[in-house]
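Asker: just coords:
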């Protein structure tokens, strides 16, 4: 038997997963997510692929990817129809979490084609992961605890799916009434009455034996009304053994890829999930506890239910865990920022977007405005985004000498594209020289204008370092900032 940490038996073979002990490596290098999103949403209707529709202000696909990211997944392959790529670029890509590396592949006619294309993309890449999580693009409410639970089981057993118990009685149905005495209608255990054993089965109109004709249709509720189509019970399935299976489903990459290759070689089609493909090949699949909140958006009413889950979790602007493991995201966030630059001769001194009379300026790639730099980092940090060095690299000639007021306006746009609105900035600037008190109000106005804030939402305080440290020795200027961002209304323009 092949262990979960051993290679598969060969490129065309499928081996069962064995158990193993040990602590796996980082999710960022060993795990990737596959998200098939090339469907046409025929059951939901409306024309647009449902994964690009908004759910409480954010596209469904963006929320599903954020859910994976919140569980520690840092790599994903998304399968899209080519005609949906403009929607991806306009609606989803700007809202991706920082640090989530997403590759796109063209999806196929069926779900299994999309998953296969994504698997081959991962396998051919420079760093193939050891495990994959296949997740429905239309399941935006998967919580971090659920995702980690599936991954841990996949690591131990090679393949794992989340599932929840079935609450309703489940019946197998057919399109024609069963023949009397044929045994249809029995439970699989054989302990229920057959349709032919009931005295009404042959002709009692109360049971429907003769009221509906032989074509499987009833006569409707009143005379003259068109027939209402019906189905007929074939068997009642044992509820205690049934589970409703969800995603993400976790697999060893080589195991799942070999299974897909075999299925294509043999012409097998019509698998509605990847676990069914492994079952067909005799590979054991472990089942772990799912989550009732992990709803798949299939019918129009599902969006209303999902929004209710989000409201109960106290969250309407970004993906969190709807009533599951992991704290819901707050409607506002707070971040901290810090920046420092040394004095050099021959440069202007710009602080808070204002030119300050001084014999020396601050050294830096842009205008070295420590006030705005600290404020930008505070707001970016509040939104969970990388600092300004990521967005404006010091070696990039585009930002050489750039005014920080323009950089701040760009940061505000980045925040808005990701569903956040700058709400407040408070900055303390530490400088022994020059005296800044006369310029504080002008700085406050300039910082407010750069971020698109009212002046009363900006605080600027200037202080000295009482002769201590580099600032006390008049070697440079430092700034510390606190920034607050709030969720943007769903219909607000970016």
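Answerer: Great, that's in hand. For clarity, every value in this text was computed on a predicted model and none was experimentally measured. Numbers count the residues shown, from 1 in each chain.
Asker: Need the per-residue pLDDT for residue 261.
Answerer: pLDDT for residue 261: 96.
Asker: Could you check how far it is from residue 277?
Answerer: Look at residue 261 and residue 277: by Cβ to Cβ, to the nearest Å, they are 11 Å apart. No exception for glycine: its C-beta is placed from N, CA and C like everyone else's.
Asker: can you pull out the helices in the protein?
Answerer: Along the chain, the segments classed as helices by DSSP state H run 27-30, 60-70, 85-87, 111-124, 144-157, 253-266, 274-280, 300-312, 370-382, 388-391, 404-417, 440-451, 469-472.
Asker: of all these, which lies closest to residue 432?
Answerer: Proximity to residue 432 (Cβ to Cβ) singles out helix 469-472 among the helices of the chain, at 5.7 Å.
Asker: helices or strands up against that closest one?
Answerer: Helix 469-472 sits against strand 476-487, with contacts defined as 3 or more Cβ pairs under 8 Å, 6 or more residues apart in numbering; DSSP states H and E.
Asker: Help me confirm that residue 130 comes into contact with residue 31.
Answerer: Yes: between residue 130 and residue 31 there is a contact under Cβ atoms under 8 Å: 7.4 Å.
Asker: In terms of neighbours, single out the busier of those two.
Answerer: Comparing residue 130 with residue 31 by other Cβ atoms under 10 Å, the one with more neighbours is residue 31, at 27 against 17.
Asker: Grab the nearest non-local neighbour of that one.
Answerer: Distances taken as Cβ to Cβ, 6 or more residues apart in numbering put residue 131 closest to residue 31, at 5.0 Å, once the chain neighbours are dropped.
Asker: So that neighbour is in contact with residue 156, correct?
Answerer: No: counting by Cβ under 8 Å, residue 131 does not reach residue 156; the two are 11.0 Å apart.
Asker: Neighbour count: the two, which is higher?
Answerer: More crowded of residue 131 and residue 156, by other Cβ under 10 Å: residue 131, with 24 against 15.
Asker: what's the distance between the more buried one and residue 160?
Answerer: For residue 131, the distance to residue 160 equals 10 Å [Cβ to Cβ].
Asker: can you check residue 376 too?
Answerer: Counting by Cβ to Cβ - residue 376 and residue 160 are separated by 43 Å.
Asker: So which of the two has more stuff around it?
Answerer: Neighbour totals were compared for residue 376 and residue 160, and residue 376 leads with 31 against 27 (other Cβ under 10 Å).
Asker: Could you check the pLDDT of the more buried one?
Answerer: At residue 376, the model reports a pLDDT of 97.
Asker: and it, what is it in contact with?
Answerer: Applying Cβ atoms under 8 Å, 6 or more residues apart in numbering to residue 376 gives the contacts 337, 388, 404, 407, 408, 411.
Asker: rewinding a little: ok, residue 261 and residue 277, which is more surrounded?
Answerer: More crowded of residue 261 and residue 277, by other Cβ under 10 Å: residue 277, with 23 against 17.
Asker: Neighbours of the residue lying closest to that one once chain neighbours are set aside, how many?
Answerer: Counting by Cβ to Cβ, 6+ apart, residue 277 lies nearest to residue 271, which is 4.7 Å off, once chain neighbours are set aside. Look at residue 271: counted by other Cβ under 10 Å, it has 19 neighbours.
Asker: now residue 271: how far from residue 294?
Answerer: 20 Å.
Asker: How about residue 80?
Answerer: Look at residue 80 and residue 294: by Cβ to Cβ, they are 22 Å apart.
Asker: Phi first, then psi, for residue 109.
Answerer: Phi and psi for residue 109, reported as degrees, to the nearest 10, are phi -70, psi -30.
Asker: Buried ones in stretch 244-255, by neighbour count?
Answerer: For stretch 244-255, the buried set under the neighbour-count rule, 16 or more other Cβ atoms under 10 Å, comprises 245, 246, 247, 248, 249, 250, 251, 252, 253, 254, 255.
Asker: Tell me which two in those residues are the farthest apart.
Answerer: Of all pairs drawn from these, the one with the longest distance (Cβ to Cβ) is 246 and 254, at 23.9 Å.
Asker: Low-confidence ranges, the stretch 351-494 of the chain, go.
Answerer: Within the stretch 351-494 of the chain, the segments meeting pLDDT under 70 span 489-494.
Asker: which other residues reach stretch 434-442?
Answerer: 349, 351, 352, 354, 356, 357, 358, 429, 443, 460, 461, 462.
Asker: Which ones among the residues you listed map onto strands?
Answerer: 349, 351, 354, 356, 429, 460, 461, 462 (DSSP state E).
Asker: All set, thanks.
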